[in-house]
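In: sequence unknown, structure follows:
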């Protein structure tokens, strides 16, 4: 079964919930960027959150960007997602190696460091929506819980997890986002809080064999749950040579002329999927001709 997200409502529409399994998505990112275990965990958590937040958007062409800008050795994380379950991302330094934290887990907070998170939603308007929040724990899930409460005024609970194999491939990855509507009754809130206290970790539940549907059944035990939609999710980068060429054109005619003068082919890298694109001197000359005609 491939990765997917479920969208659900519960307690007579007082709760909306999302849950995802993202093992293949995170493993694709790990293999593309050759990330260390702690870098994989940090990137994987944000990719999982991005995939669920992406499908929250309504428009076909809406784009969500999550940026973690912080002072840790990871040197930041960037993730972009669309409303169809496609997500991609990278970390500034994929080779970070840190000792386990005091709980014996991968030290994501130590790798991320102190800083802030930007949430950018490009919905085709003149200006994109930009929300910013200071990182509370740098563990990603708690930081997004805080973001939803402060920037979007939506009480939420976010859980994210990535579990690694001994050979550094991804064993489990997934997460959930549960949100309360403004009219939620106190009794519903209390019951939900009790349920959430029982959940130790997302990866522990995934290890038990839970799917996104059964994950929500655990989190929303005692409520009527309605699964509204099941959406495939994947690590997908829409880069291609034509797009990279446009980026090359944007550096300017003089710079392209300098590259031609050096007489060597150039290699450009896509940050998101780590794919390299080579442009020969002849191709550069052709690009320059087209620039001059434009």
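Out: In hand now; what should we look at? Quantities reported herein were computed from a predicted structural model and do not represent experimental measurements.

In: wait, residue 272 sits on residue 235?
Out: No. Using C-beta atoms under 8 Å, residue 272 makes no contact with residue 235, being 9.2 Å away. In short, each C-beta sits where N, CA and C put it, glycine included.

In: Where does the prediction get shaky in the protein?
Out: 1, 292-294 (pLDDT under 70).

In: At the geometric centre of it, which residue sits there?
Out: residue 47 (2.3 Å; C-alpha atoms, centre = their mean).

In: part of a helix, is that one?
Out: Yes. Assessed with DSSP: H, G, I helix; E, B strand; the rest coil, residue 47 lies in a helix.

In: Show me where the stretch 51-200 of the chain has its helices.
Out: Using DSSP state H, counting those that start in this stretch, the helices of the stretch 51-200 of the chain run over 108-112, 141-151, 186-198.

In: so what does the next helix or strand after the last one touch, helix or strand wise?
Out: Scanning the chain past helix 186-198 towards its C-terminal end, the next helix or strand to appear is helix 202-207 (assignment: DSSP states H and E). Other elements packing on helix 202-207 under the criterion 3 or more C-beta pairs under 8 Å, 6 or more residues apart in numbering; DSSP states H and E are strand 156-164, strand 170-180, helix 212-219.

In: What's opposite residue 179 in the beta bridge?
Out: Taking DSSP bridges as the rule, residue 179 bridges to residue 16, residue 156.

In: Identify the residues contacting residue 124.
Out: 59, 61, 62 (C-beta atoms under 8 Å, 6 or more residues apart in numbering).

In: go on, residue 47?
Out: Going by C-beta under 8 Å, 6+ apart, residue 47 touches 22, 25, 26, 29, 79, 87, 88, 89, 235.

In: I'd like the helices and strands packed on helix 202-207 written out as TSV, with mean neighbour count added.
Out: Putting the helices and strands packed on helix 202-207 into TSV (neighbours: other C-beta atoms under 10 Å) gives the following:
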stretch	mean neighbour count
strand 156-164	24
strand 170-180	24
helix 212-219	20
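
In: Could you provide those in CSV, with additional columns for distance to residue 197?
Out: Below are those laid out as CSV (distance: least, C-beta to C-beta, whole Å):
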stretch, distance to residue 197
strand 156-164, 11
strand 170-180, 13
helix 212-219, 11
